[in-house]
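Q: structure of the sequence below:
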Amino acid sequence: MGLAVVPWYVAHQSVKDRILQPVLEDWSLPAQEIHAVYSSPKHVPTKVSQCIDWLQGQCKGDWWSGITAGKTE
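A: Residues are numbered from 1 along each chain as shown. Sure, this is the predicted structure:
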């Protein structure tokens, strides 16, 4: 037995399957940011802009809830 700090998107299925049990339900990890880094904002290729737009859409709200068996829906 032990304790671990695990992001919900990693642990949710194990909690659902009763493999893990939450112990500090009122506590949560701080928000994390994802940054897109490219050389110049003046010359961003269309495919890079489209990828960034897609990622922003994928990471809104409870984006992790679409993850099952290690793949995204």
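
Q: next, count neighbours for residue 56.
A: Residues contacting residue 56 under the criterion other Cβ atoms under 10 Å number 11. Every C-beta, even on glycine, is put in place using the N, C-alpha and C of the backbone.

Q: do a quick rundown of the strands in the chain.
A: 67-68, 71-72 (DSSP state E).

Q: lowest average pLDDT across those?
A: Between these, the one with the least mean pLDDT is strand 71-72; it has a mean of 42.

Q: what's the spacing between residue 54 and residue 26?
A: Taking Cβ to Cβ, to the nearest Å as the measure, residue 54 and residue 26 are separated by 34 Å.

Q: check residue 8 too.
A: Per Cβ to Cβ, residue 8 is found 14 Å from residue 26.

Q: between these two, which one's more packed in?
A: Counted by other Cβ under 10 Å, residue 8 and residue 26 do not tie: residue 8 has more neighbours, with 13 against 5.

Q: next, find the distance separating the more buried one from residue 45.
A: The gap separating residue 8 from residue 45 is 34 Å, by Cβ to Cβ.

Q: what do you get for residue 19?
A: For residue 19, the distance to residue 45 equals 44 Å [Cβ to Cβ].

Q: do residue 25 as well
A: Distance, residue 25 to residue 45, using Cβ to Cβ: 44 Å.

Q: quick one: which of these two has more around it?
A: Higher neighbour count among residue 25 and residue 45: residue 45, with 9 against 6, using other Cβ under 10 Å.

Q: what is the rounded mean pLDDT of the longest helix anywhere in the chain?
A: Scanning the chain for the helix with the most residues, using DSSP state H, yields helix 46-58. Across helix 46-58, pLDDT averages out at 87.

Q: pull the CA atoms of it into CSV?
A: C-alpha atoms of helix 46-58 as CSV (Å, rounded to 0.1, in the frame of the first residue of the first chain):
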residue,chain,number,x,y,z
THR,A,46,-0.5,26.9,-42.1
LYS,A,47,-0.1,23.3,-41.0
VAL,A,48,1.5,24.6,-37.7
SER,A,49,-1.4,27.0,-37.1
GLN,A,50,-3.9,24.3,-37.9
CYS,A,51,-2.2,21.9,-35.5
ILE,A,52,-2.2,24.5,-32.7
ASP,A,53,-5.9,25.2,-33.3
TRP,A,54,-6.7,21.4,-33.2
LEU,A,55,-4.7,21.0,-30.0
GLN,A,56,-6.6,23.9,-28.4
GLY,A,57,-9.9,22.3,-29.3
GLN,A,58,-8.8,18.9,-27.9
